[in-house]
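Chemist: need coordinates for the following:
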Amino acid sequence: MRARIWGCRGSLAAPGPETVRYGGNTSCVEVRLDDGTAIVLDAGTGIRPLGLQLDREQVKVVHLLLSHLHMDHLQGLGFFRPIYDAGVELHVWGPPSTVQSLDDRIGAYLSPPLFPVSLSEIPSKLFFHDAPDEPWQIGSASVLAVTVAHQGPTLGYRIEEGGRSLAYIPDHEPSIGVDLRSLGEDWLSGHAVAREADVLIHDAQYSEEEYPHHVGWGHSSIEHVVTFAQLAKVKRLLLFHHDPHHSDEELDALCVRARELWPD
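Modeler: Got it, this is the predicted structure:
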């Protein structure tokens, strides 16, 4: 499989000269499987340019895996060009709810007065699925969804294909007031998704200095994410969901700090 990040910003898009290297679009990751299947992780503003690429390639079946339904992970869906193509089939997977169906929850945003087009008016074939409790197959990959600690129902995803694995946990506060290293695997939020992954894409919204002012907001400090990755024994860590206030230079500094915490 191949992965490409189209949006790595958290909370709010942050375009401008100070964010041009890492980008200002909100969460969106493209995964292409060996059999050509297109999987999209989240529908932040980064999904708009991805949609243009998929349209040029005439990709007609897309699987969209939503980690949760906060606006920064959903706000690009109405600008995803493939949904306006009647020949496209879009499968949307997301966290289950006992109160509302997934399409009703998404439809609360994709409808007037918040958006001019309702789900029922979108010409593509839309299929909505609650993410199963057990691994399921998408194309040539096995996909696992596990509930993780964040504000509201939130999933982390693991995609496995051909002996390789990608873990995606974009919004995550693995502990509040507890040393992660004191928790066993069964008590560590997200461990089942990240365990020994070849690549982990993980929330890294705050510096160590910023985090005490945001405890309980559902996001990780740089120390959190590095410790979590070490405990999960991942092979490669990608820092993600960057605070909209962080410039490219500040993100460079967070990368330096991550390497200090995990010199191996």
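Chemist: what ranges does the stretch 151-264 of the chain have for its helices?
Modeler: 191-194, 222-232, 248-261 (DSSP state H, counting those that start in this stretch).
Chemist: quick one: average confidence on the first one?
Modeler: Going back to what we said before, that points to helix 191-194. The average pLDDT within helix 191-194 is 95.
Chemist: other SSEs contacting that helix?
Modeler: strand 141-147, strand 155-161, strand 164-169, helix 222-232 (3 or more CB pairs under 8 Å, 6 or more residues apart in numbering; DSSP states H and E). Heads up, the C-betas are built off the backbone N, CA and C, glycines and all.
Chemist: deepest of the helices of the stretch 151-264 of the chain, which one?
Modeler: helix 191-194 (a mean of 23; mean count of other CB atoms under 10 Å).
Chemist: from the chain's centre, how far out does that one sit?
Modeler: In terms of CA atoms, centre = their mean, to the nearest Å, the gap separating the centre of helix 191-194 from the centre of its chain is 14 Å.
Chemist: just the C-alphas of that helix, formatted as PDB.
Modeler: Output of helix 191-194 as PDB, limited to C-alpha atoms (Å, rounded to 0.1, in the frame of the first residue of the first chain):
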ATOM      1  CA  HIS A 191      -2.800   0.200  21.700                       C
ATOM      2  CA  ALA A 192      -4.700  -2.500  19.600                       C
ATOM      3  CA  VAL A 193      -4.600  -0.200  16.600                       C
ATOM      4  CA  ALA A 194      -1.000   0.900  16.900                       C
END
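Chemist: what does that helix contact?
Modeler: The contact list for helix 191-194 (CB atoms under 8 Å, 6 or more residues apart in numbering) reads 144, 146, 148, 156-158, 167-169, 185, 200, 202, 228-229, 231-232, 234.
Chemist: one more: stretch 108-118?
Modeler: 69, 71, 74-75, 77-78, 107, 119, 122.
Chemist: give the buried residues for it.
Modeler: The neighbour-count check on stretch 108-118 (16 or more other CB atoms under 10 Å) flags 110-111, 115 as buried.
Chemist: just stretch 164-174 next, same as before
Modeler: Within stretch 164-174, the residues that count as buried by 16+ other CB under 10 Å are 165-174.
Chemist: re earlier: format the contacts of stretch 108-118 as JSON lines; extra columns: pLDDT and distance to Arg21.
Modeler: What follows is those, written out as JSON lines (pLDDT from 0 to 100; distance: CB to CB, whole Å):
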{"residue": "Leu69", "pLDDT": "97", "distance to Arg21": "29"}
{"residue": "Met71", "pLDDT": "94", "distance to Arg21": "25"}
{"residue": "Leu74", "pLDDT": "97", "distance to Arg21": "26"}
{"residue": "Gln75", "pLDDT": "96", "distance to Arg21": "23"}
{"residue": "Leu77", "pLDDT": "98", "distance to Arg21": "26"}
{"residue": "Gly78", "pLDDT": "97", "distance to Arg21": "28"}
{"residue": "Gly107", "pLDDT": "96", "distance to Arg21": "36"}
{"residue": "Leu119", "pLDDT": "94", "distance to Arg21": "36"}
{"residue": "Ile122", "pLDDT": "97", "distance to Arg21": "34"}
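Chemist: now those in JSON lines, with distance to Leu54, neighbour count and secondary structure?
Modeler: Shown next, in JSON lines, are the contacts of stretch 108-118 (distance: CB to CB, whole Å; neighbours: other CB atoms under 10 Å; DSSP: H, G, I helix; E, B strand; the rest coil):
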{"residue": "Leu69", "distance to Leu54": "22", "neighbour count": "19", "secondary structure": "coil"}
{"residue": "Met71", "distance to Leu54": "22", "neighbour count": "12", "secondary structure": "helix"}
{"residue": "Leu74", "distance to Leu54": "18", "neighbour count": "22", "secondary structure": "coil"}
{"residue": "Gln75", "distance to Leu54": "18", "neighbour count": "21", "secondary structure": "coil"}
{"residue": "Leu77", "distance to Leu54": "13", "neighbour count": "25", "secondary structure": "helix"}
{"residue": "Gly78", "distance to Leu54": "16", "neighbour count": "20", "secondary structure": "helix"}
{"residue": "Gly107", "distance to Leu54": "23", "neighbour count": "16", "secondary structure": "helix"}
{"residue": "Leu119", "distance to Leu54": "20", "neighbour count": "19", "secondary structure": "helix"}
{"residue": "Ile122", "distance to Leu54": "16", "neighbour count": "19", "secondary structure": "coil"}
